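Colleague: coords please:
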Amino acid sequence: MEKRSIYSWKNNLLGNKSKLYNNDTQIGSLESNDWTLDANVSIRSDQYSFKNKGLFNPYTEIRNKQGELIGDIEYNNWTGGATISLIDKKYKWSTRNMWMSAWKIEDEQGQIVEVSPSVMGNSGTIESIENSELLLSICLYLQKRVAVMYSMVALIPVFAILLF
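Modeller: Next comes the predicted model:
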């Protein structure tokens, strides 16, 4: 049986900063810009930056602390999923249920990581088979990106009412 590590995250009040915990010990953080969907993630001694690119065909570049491109994330706007391409491996980010309230990352062999946000979306858990700071960083970033995108969609009716 595979050993699963369980992590948790909590967002600050504004939602632009998150802290990642393992057994109540902070091991990482995410700082994001909700308007550009860019973020910087630090987990233990590793640091990664996520830079959103493209308007009609969006993707995100993943760079290490030396600024080297180590992967990218290509989004499928119809399914809400994504393909994560790293130097040596590909993964799929997809929903675990029809409500899109829980997510998973899989490689060719199957499920590696499960992401379960709280009802309010300001905290949650990450269960991982692989002990990879990069995959944890990607989970934290994608969870944040999903929350921001849903918030933007939820505000469309408000903007429509204000404009008309």
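Colleague: which residue is nearest the centroid of this protein?
Modeller: L142 (1.8 Å; C-alpha atoms, centre = their mean).
Colleague: Next up, the contacts around that one.
Modeller: If you count contacts by C-beta atoms under 8 Å, 6 or more residues apart in numbering, L142 has them with I73, A82, W93, W103, V115. (C-beta placed from N, C-alpha, C; glycine too.)
Colleague: Need these in JSON lines (columns: neighbour count and distance to S5).
Modeller: Shown next, in JSON lines, are the contacts of L142 (neighbours: other C-beta atoms under 10 Å; distance: C-beta to C-beta, whole Å):
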{"residue": "I73", "neighbour count": "22", "distance to S5": "22"}
{"residue": "A82", "neighbour count": "25", "distance to S5": "22"}
{"residue": "W93", "neighbour count": "25", "distance to S5": "19"}
{"residue": "W103", "neighbour count": "24", "distance to S5": "17"}
{"residue": "V115", "neighbour count": "23", "distance to S5": "13"}
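Colleague: Then the residue nearest to the centre of the chain would be within a strand, right?
Modeller: No. Counting by DSSP: H, G, I helix; E, B strand; the rest coil, L142 falls outside a strand, being helix.
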